[in-house]
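S.K.: quick one, what's the 3D model for this:
(chains A, B and C)
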Amino acid sequence: MAQKDALMDFDEALRLYEPVLGFEVHVELATKTKMFSDAPNFFGGEPNTNVTPVDLGLPGSLPVVNAQAVRYSIQLGLALGCSIAESSRFARKNYYYPDNPKNYQISQYDEPIAYEGEVEVELADGTIFTVPIERAHMEEDAGKLTHVGGATGRIQGAEYSLVDYNRAGVPLVEIVTKPIFGAEERAPELGAAYVQVIRDLVRALGVSEARMERGNLRCDANISLRPRGQEKLGTRTETKNVNSFRAVERAIRYEIQRQAAILAAGGSITQETRHWHEDTGRTSAGRPKSDADDYRYFPEPDLLPVVPDPAVIEELRASLPEAPVARRRRLKGDWGFTDLEFQDVVNGGLLDELEGTVAAGAAPQAARKWWTGEISRVANTRDAAPGDLVSPQHVAELIALVESGDLTDRLARQVLEGVIAGEGSPSQVVESRGLKVVSDDSALTAAVDQALAAQPDVLAKIKDGKVQAAGAIIGAVMKAMQGQADAARVRELVLERAQQS
Amino acid sequence: MPDITSEQVAHLANLARIALTPEEIEKLTGELSHIVDSVAKVTEVATPDVPATSHPVPLGNVTRPDVVGPTLTQEQALSGAPDSDGERFRVTAILGEEQ
Amino acid sequence: MTDITKLSAAALADALVARDVSSVEATQAHLDRIQAVDGDVHAFLHVNQNAIAAAKSIDSRRAAGDDLGPLAGVPIAIKDVLCTQDMPTTSGSKILEGWVPPYDATPVAKLRAAGLVPLGKTNMDEFAMGSTTEFSAYGPTHNPWDLDRIPGGSGGGSAAAVAAHEAPLALGSDTGGSIRQPGAVTGTVGVKPTYGGVSRYGAIALASSLDQVGPVSRTVLDAALLHDVIGGHDPRDSTSIPDAWPSMAAAAREGLQADTLRGLRVGVVKELAGGEGFQAGVTQRFHETVALLESAGAVVVEIDAPSFAYAISAYYLILPAEASSNLAKFDSVRFGLRVTPENGATVEDVMAATREAGFGPEVKRRIILGTYALSAGYYDAYYGSAQKVRTLVQRDFQAAFEQVDLLVSPSAPTTAFPIGERIDDPLAMYLNDLTTIPANLAGVPGMSIPNGLAPEDSLPTGVQLMAPQREDARLYRYGAALERLLEQQWGRPLIDSIPDLDQSQQSAAQEGVI
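M.R.: Model (predicted):
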């Protein structure tokens, strides 16, 4: 087992060294078919049932470009502020690996579809970074390997591996940044925020579902350190298997600390690919980059250049949605949230849901309370996304019912449960489960009188002015009403009736 | 043009995943040196002002609509497999990193 | 009854339509011929067990009055580079021994839809790399004109099958001359269409920017009829030309009208016309053919194409580079051979051992060369430069076709040489394609037709015709006209002079064919 890496204190590391970042983010496009074949593009399914001869790399098979994938790529390039290539072509990236059916990947090399852009990234405290984009290019995904026989299900120690090519050929766009300078101690934060912005962007465009946990969005983080004052850039490492925003942040932080410790001890950084381990919070060494990574790129002879129509580019540009940073700024202002409140919403990936709920008539704070509170709680227990459980319209309806006094918070939570279970809209659930707040004062008054009669000593305290004692009566009444009463009204009645008796 | 050495040939064989024998490497080194000498003359006329042509017939924008087509059955997909578990292709242990 | 196997495909098609013969009879006759002579010729790697069934089905459909294509019921041999889902497809290599594809190549699907009857798969140089069929992993094919000699390559099997009357038609593939050069040395007709004219989907790729599938036959009209079946746009091949094509058969028939050649401007390419490396008899027959064209009214000029001197070099950089990448898929994982070395092999070891055992020496040579040409630091000098030569070759063709309508050259520099003569000299082998390579680089169509027997060895020679991109019909029109002129000179088709292979065919030979 590998020895534990020495880590330098983060602040100390930043004092001595300047971190330089780079990111390669792969976005899986949500087209109906694959990049170069007309097999369906969907997640799951029995192994090797979603392939054509093209996806298996069978002898004689040939690729054909998916027009929608090109369109989505152009949209993505435009949203990244990139220029769109007048003529773009595909290239073969040659390397051998069992998940690579042709042992070359069709990608793009010297004529990517989009180049030279920039993206605004806003951090939690409002600081804005401009991340320079080098290029965005189209390529195809590889198949999926399962390693069998080793201890951890990883490659090391595996006896054999199984290959499923269902994923082979799924369209990808790879977004490559230029080196990012000036992040300093906010580098980890910036990394996480950048990936989130990309996620929001592609979802807003509708070109990808961008779920990191499903692999629709993958991030490789490059970090190098250079001693303060030095001109020359340090050697960088590339960290893979970073499967969440939090992991991006942690991995960057870890690499900075690890590299700093090596450099300070007089060592040098090996240029290599590293693997992030979520469980231990460490990166481990992969294979060193050697000349075996000579990919021998050459223009793909089986495909012709893509020459986008300028009119189409302008049409796509005109229909771009608002940039995420600008949108967030606007929403935060409209809703009047504090930084913390807003960040909560964003971190939970709930911006769209909140926007929908407010649009359906709910007050922003109420929407926030429900989405980041109860709904997220339930979602976590089921390992699902909050947005999958209930619609913004239903949440707005629920909030309105609480607002009107028809439901208490507690009752509302029960109603929510019913909505999530698929029993219908909030109103329908209230109806079918009989959960409405009893607003009939006579029934309430009767219950209050009964409770007061049952606890004469408490009644005496209340008459004496000890208002807090009312709590015991209120509790008894609520119990008797099975929670279907407005506690505030009960309290009013308790105090009133206590004085009257 | 640099001569091809047998170290280079061995390296190329590795890149190309062919387990050449030492005899083959020796023989190929000689043959390839000859061939490379003779084809190297392309540089004589390949001046900077001449553009490269990668496709003999100048077509462009050849794409297909995003419409699902027929796929192979699992049985067809695995029909040529030297080894499988009935669902997936099976290979022996992999040396390198996951990409 | 005339021997069915001596009929041209067009004549056989006519006989089928007239119900003088059934497809089952025609197919059986060819299967019998294969049985009789292929032990010596070795043109076939696999004979179709379902051929009679397929023939029967066509006969039934004809009897029922179905609308059938012009070649329906005619048997055809298929080069083993094309995927057939009911027959093994090896590309002449051990690495694909016994592999049955789960799909048909587009040209195969088209010929089946047109009612042709596949007879079997023909032999070829491994992965189409070669010009003699000696690099087949399954043993060489023997030239029916002289069984000790090469039939040309890489498509020696298809050419030999047709020359030996084992099939009236065959499909071949041509990357640097693999249809045309075997045509020349076996006295048959072979055509490489314009690049993109016939789909490459299902043709096991050698060099993607050079490969084309094309017809192999004994007459120009036969090739034209087959070309009409297999040609046309295929959405599965991005490089296939989208536009509709005129009928090649119609063009061939038009060519038979009087005086077709009068006024035709013909260019003789200086760099391909003879000189060092060319056999005297080949050059002689070529000059006679040029003179014949002139006598028919064609205007002949000399064309200078200086870049053609670099064509072979460019070809032997582009082809290995693309091939090295195209052949990477043969890695033991999804199909084909798997060789597992002892002692706990990793998949990398298995891949390397498999490719070592499964690839022959010429394939290995070209893969290593191609890997070199693409590798870091060498790309610009080799692959990059070769792509520039391609530009120059195209420019020379364009300039030439501004002056002339057709270009001519010998189809090969020599006649068929003995098997084994050049196998240890790769560079000498590469020269076999000297005259055919430029057309592949430029993507222009080329046709070889027999133009005589060389006086010194009585072996066939061929003349190559070339036309601008998309002008394939021109080849058929003027090729048919020239073919007729030549046959008028000889008094009969050249193929009729081929020695008998099978003693039992003796009587047919005496009867009226020779």
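S.K.: can you pull out the helices in chain B?
M.R.: With DSSP state H as the criterion, chain B has helices at B:6-15, B:22-39, B:42-45, B:74-78.
S.K.: what of the stretch 201-350 of chain A?
M.R.: In the stretch 201-350 of chain A, the helices defined using DSSP state H, counting those that start in this stretch lie at A:245-264, A:310-318, A:324-335, A:339-347.
S.K.: ok, now which ones touch the residue nearest the centre of chain B?
M.R.: The centre of chain B sits closest to residue B:16, judged by Cα atoms, centre = their mean, with a distance of 6.8 Å. Residue B:16 sits next to C:324, C:328, C:355, C:367-368, C:371 when contact means Cβ atoms under 8 Å, 6 or more residues apart in numbering or on different chains. Where C-beta positions appear, they are placed from N, C-alpha and C, glycine not excepted.
S.K.: please repeat the previous calculation with a cut-off of 6 Å.
M.R.: C:367, C:371 (Cβ atoms under 6 Å, 6 or more residues apart in numbering or on different chains).
S.K.: just the helices of the stretch 201-350 of chain A: most buried one?
M.R.: The highest mean neighbour count among these belongs to helix A:245-264 (a mean of 22), with neighbours defined as mean count of other Cβ atoms under 10 Å in any protein chain shown.
S.K.: using CSV, lay out the helices of chain B together with mean neighbour count and mean pLDDT.
M.R.: Compiled in CSV, the helices of chain B are given as follows (neighbours: other Cβ atoms under 10 Å in any protein chain shown; pLDDT from 0 to 100):
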stretch, mean neighbour count, mean pLDDT
helix B:6-15, 18, 95
helix B:22-39, 17, 92
helix B:42-45, 19, 92
helix B:74-78, 20, 97
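S.K.: quick one: closest of those to residue A:438.
M.R.: Counting by Cβ to Cβ, residue A:438 lies closest to helix B:74-78 out of the helices of chain B; the figure is 59.8 Å.
S.K.: so which residues make contact with that closest one?
M.R.: Identification of contacts with helix B:74-78 by Cβ under 6 Å, 6+ apart yields A:48-49, A:51, B:84, C:102.
S.K.: 7 Å instead?
M.R.: Helix B:74-78 is contacted by residues A:46, A:48-49, A:51, A:56, B:84, B:87, C:102 when judged by Cβ atoms under 7 Å, 6 or more residues apart in numbering or on different chains.
S.K.: go ahead and build a ChimeraX selection from the buried members of the residues you listed.
M.R.: Here is the ChimeraX command that selects only those of the contacts of helix B:74-78 that count as buried (16 or more other Cβ atoms under 10 Å in any protein chain shown):
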select /A:48,49,51,56 /B:84 /C:102
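S.K.: dihedrals phi and psi, residue C:491?
M.R.: The main-chain torsion angles of residue C:491 are listed as degrees, to the nearest 10 and equal phi 90, psi -10.
S.K.: what do you get for residue C:120?
M.R.: On the backbone of residue C:120 - angles per degrees, to the nearest 10 - the values are phi 160, psi -180.
S.K.: find the nearest non-adjacent residue to it, please.
M.R.: Spatial nearest neighbour of residue C:120, chain neighbours left out: residue C:47 (4.1 Å); criterion: Cβ to Cβ, 6 or more residues apart in numbering or on different chains.
S.K.: tell me the pLDDT at the one you found?
M.R.: pLDDT, the model's per-residue confidence, is 98 for residue C:47.
S.K.: which ones are touching the residue lying farthest from the centre of chain B?
M.R.: For chain B, the largest distance from the centre (Cα atoms, centre = their mean) belongs to residue B:67, which lies 30.7 Å off. Shown here is residue B:67, whose contacts under the criterion Cβ under 7 Å, 6+ apart are A:32-33, A:38.
S.K.: of these, buried ones?
M.R.: Applying 16+ other Cβ under 10 Å to these, the neighbour count classes A:33, A:38 as buried.
S.K.: out of the contacts of residue B:67, which are close to chain B?
M.R.: When those are filtered against chain B using Cβ under 7 Å from any Cβ of the partner chain, the residues retained are A:32-33, A:38.
S.K.: could you measure from the residue in the stretch 351-500 of chain A that chain C sits nearest to over to residue A:215?
M.R.: The shortest separation between the stretch 351-500 of chain A and chain C is 34.1 Å, found at residue A:383 (distances taken as Cβ to the nearest Cβ). Counting by Cβ to Cβ, to the nearest Å, the gap from residue A:383 to residue A:215 is 16 Å.
S.K.: with residue A:347 instead?
M.R.: As for residue A:347, its distance to residue A:215 is 21 Å (criterion: Cβ to Cβ).
S.K.: with residue C:165 instead?
M.R.: Distance of residue C:165 to residue A:215, computed by Cβ to Cβ: 59 Å.
S.K.: out of the two, which sits in the busier spot?
M.R.: Relative neighbour count places residue C:165 above the other of residue C:165 and residue A:215, with 25 against 15, counting by other Cβ atoms under 10 Å in any protein chain shown.
S.K.: residue ranges of the strands in the stretch 401-514 of chain C, please?
M.R.: Using DSSP state E, counting those that start in this stretch, the strands of the stretch 401-514 of chain C run over residues C:406-410, C:446-453, C:460-466.
S.K.: kindly present those as CSV, with separate columns for distance to chain B.
M.R.: As requested, the strands of the stretch 401-514 of chain C are arranged in CSV below (distance: least, Cβ to the nearest Cβ, whole Å):
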stretch, distance to chain B
strand C:406-410, 16
strand C:446-453, 13
strand C:460-466, 13
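S.K.: just after the helix or strand where residue C:348 lies, pick out the following helix or strand.
M.R.: Element membership for residue C:348 (DSSP states H and E) is helix C:347-358. Once helix C:347-358 ends, the next helix or strand along the chain (criterion: DSSP H and E) is helix C:361-374.
S.K.: ok, how many other residues are close to the closest residue to residue A:397 other than its chain neighbours?
M.R.: Excluding the flanking residues, the one nearest residue A:397 by Cβ to Cβ, 6+ apart is residue A:426, at 4.6 Å. Neighbour count for residue A:426, taken as other Cβ under 10 Å: 27.
S.K.: per-residue pLDDT of residue A:426, please?
M.R.: On the pLDDT scale, residue A:426 gets 93.
S.K.: then the one 10 residues further on?
M.R.: As predicted, residue A:436 sits at a pLDDT of 78.
S.K.: show me what contacts it?
M.R.: Residue A:436 touches A:406, A:430, A:484, counting by Cβ under 7 Å, 6+ apart.
S.K.: I'd say the last one and residue A:434 touch.
M.R.: Which is residue A:484. No: Residue A:484 is beyond contact range of residue A:434, at 8.2 Å (criterion: Cβ atoms under 7 Å).
S.K.: and residue C:493, what is it in contact with?
M.R.: Taking Cβ under 7 Å, 6+ apart as the definition, contacts of residue C:493 comprise residue C:487.
S.K.: if we use 10 Å, what do you get?
M.R.: Under the criterion of Cβ atoms under 10 Å, 6 or more residues apart in numbering or on different chains, the neighbours of residue C:493 are C:8, C:187, C:218-219, C:450, C:483, C:486-487, C:513.
S.K.: looking at these, which gets the smallest pLDDT?
M.R.: Scoring these by pLDDT puts residue C:513 last, at 38.
S.K.: contacts only, for whatever residue of the stretch 1-150 of chain C ends up closest to chain A.
M.R.: Ranked by Cβ to the nearest Cβ, the top residue of the stretch 1-150 of chain C for proximity to chain A is residue C:83, at 4.7 Å. With contacts defined as Cβ under 10 Å, 6+ apart, residue C:83 is in contact with A:53, A:58-61, C:89, C:91, C:99-109, C:201-204.
S.K.: quick one: residue B:29 from chain C, how far?
M.R.: When Cβ to the nearest Cβ, to the nearest Å is applied, the distance between residue B:29 and chain C equals 10 Å.
S.K.: so, low pLDDT: which residues of the chain?
M.R.: Just going to use chain A. A:1-3, A:151-157, A:287-292 (pLDDT under 70).
S.K.: my question was about chain C
M.R.: C:1-2, C:344, C:502-514.
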